[in-house]
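K.L.:
Sequence plus predicted model, see below.
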Amino acid sequence: MSRSMPRSRGLWGTLLAAALLALAGCGFQLRGSVEIPAELNPVYLQADAGSPVRRALLDLLSGSGVEVTDNVAEAQMVLRILAEARTSRVAAVDINGKTLAYELHYMVRFDALGDAGTRLVAPQSLDLVRTFDNPDVEVLGKRLEEALIYEDFATDAADRILTRLRVALR
């Protein structure tokens, strides 16, 4: 029994190494990792200071090892958030006219410029939509839930912006 134990560990180690090599060879990356070509580093983010999308982009870029600069003059790429808006509209009402659900929208418009002002990515828009139920109870909890949905929108928008950027820069 003691002789088969080292063999099975060796077999598992070999299988694990083969699986890791296969994943590395096919280009697999963990979600959230950002590929910005080295010649486009550092990146400057141009957006309002309180922008939720800017915060989410900073988190994604710094977590992936992409250099972000505060000085536009030393940036090789400028990622600009041109517009950001939150809106809602009534999606459903009951027979008494009471609102049962809202449709929440989060719109973001962005583009990217090279160091000489050349356009790397043309202006593009994202419009994220989610339905939000509005029962009569737990009003404070619903406001918190709505705020969390908008935070999720900002994170999702940042992820989609970087995906579109990655595709455009290929």
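P.N.:
Nice, I can see it.
K.L.:
Now residue 47. Its backbone dihedrals?
P.N.:
phi -160, psi 170 (degrees, to the nearest 10).
K.L.:
Tell me how many other residues crowd it.
P.N.:
20 (other CB atoms under 10 Å). Heads up, the C-betas are built off the backbone N, CA and C, glycines and all.
K.L.:
Might you report the residue contacts of it?
P.N.:
Residues near residue 47 by CB atoms under 8 Å, 6 or more residues apart in numbering: 53, 54, 57, 80, 81, 84.
K.L.:
and the last one, how far is that from residue 148?
P.N.:
Read it as residue 84. 17 Å (CB to CB, to the nearest Å).
K.L.:
do the same with the third one
P.N.:
When distance is defined by CB to CB, residue 57 is 19 Å away from residue 148.
K.L.:
that older thread, in helices only, show me the contacts of residue 47.
P.N.:
53, 54, 57 (DSSP state H).
K.L.:
quick one: which of those is most hemmed in?
P.N.:
Within the ones in helices among the contacts of residue 47, neighbour counts (other CB under 10 Å) peak at residue 57, which reaches 28 neighbours.
K.L.:
Settle this for me: that residue is touching residue 79, isn't it.
P.N.:
Yes. Between residue 57 and residue 79 there is a contact at 7.1 Å, judged by CB atoms under 8 Å.
K.L.:
what do these two both touch?
P.N.:
45, 161.
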